[in-house]
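Trainee: Everything below, folded, please.
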Amino acid sequence: MRYPIYELGCKNELVGQHTISLPLPKDVTIGGHRPVRAGITVNFACPRCNYVYEYSGVEVQHSYRATEDLRHLPPEPTPVEVEFGCAQAECGGRIRVYTTRDGAEDRKDLLARLAAAVYFVTCPKGHKAIFPGGADCKITEGPRSNPF
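Mentor: Got it, this is the predicted structure:
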C-alpha cells in the first residue's frame, strides 16, 4: 500500500537540508489528484530549526511512501495557527504564523518555541515580526488550522 505525504522544504539552509511534515489537506482523496495550492501564501515556522519564512502553496511537495500495514502510519502532525499583533507602537497590524506540533509538545512549549524563533517575515505594514507571547496571541489548533 502507498499513502500520501505532504512536506515543505525548509528555507533555512544553516542546519542542512530538511523538510517540514504537513498534515494531509482536508480535500485530499487517496488515489485521486493532489489538491492545487497555487493561490496560498503563508508564514510558516519550522518545528525543527525554529526559523519562520514565507511559503507559497506551490512549494508544498507531494509524494507517496509505501507501507505494508496502513494501521502503522507515522502520526500526523497537528496544524497550529498563531496570530499576534505587530510589536511596532501604534501599527495595529496582525501577523499570522502557521506551524505544526507533535503530541509531545504542549501549548506552553509551543509558545516558548515561537518566542525563540527567528522571523524572516513582516507584518502587513512591513515591520519585522517579533513574537510577543502572552494575551495578544490567538492560537487555533486542529484541521481548520491547516493552511494547505
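Trainee: mind listing the strands for the chain?
Mentor: 2-9, 19-22, 41-45, 51-56, 60-66, 78-85, 94-101, 118-119, 138-141 (DSSP state E).
Trainee: in the last one, what's buried?
Mentor: Of the residues in strand 138-141, none count as buried by neighbour count, 16 or more other CB atoms under 10 Å. (C-beta placed from N, C-alpha, C; glycine too.)
Trainee: go on, the third one?
Mentor: Applying a neighbour-count criterion of 16+ other CB under 10 Å, one finds Val42, Asn43, Phe44, Ala45 buried in strand 41-45.
Trainee: can you check the first one too?
Mentor: Applying a neighbour-count criterion of 16+ other CB under 10 Å, the buried positions in strand 2-9 are Pro4, Tyr6, Leu8.
Trainee: The fifth one now?
Mentor: Neighbour counts using 16+ other CB under 10 Å place Val60 of strand 60-66 among the buried residues.
Trainee: Just checking: what are the partner strands of it?
Mentor: Strand pairing for strand 60-66, determined by DSSP bridges: strand 2-9 (antiparallel).
Trainee: Distance from the strand it pairs with to the middle of the chain?
Mentor: For strand 2-9, the separation from the chain centroid amounts to 14 Å (computed by CA atoms, centre = their mean, to the nearest Å).
Trainee: and that strand with strand 51-56, angle?
Mentor: 110 degrees (axes from the mean of the first three to the mean of the last three CA atoms, to 10 degrees).
Trainee: contacting residues around the residue nearest in space to the middle of the chain?
Mentor: Residue closest to the average C-alpha location in the chain (CA atoms, centre = their mean): Thr99, at 2.8 Å. Contacts here follow CB atoms under 8 Å, 6 or more residues apart in numbering; on that basis Thr99 touches Phe44, Ala45, Cys46, Pro47, Pro79, Val80, Val82, Leu110, Arg113, Leu114.
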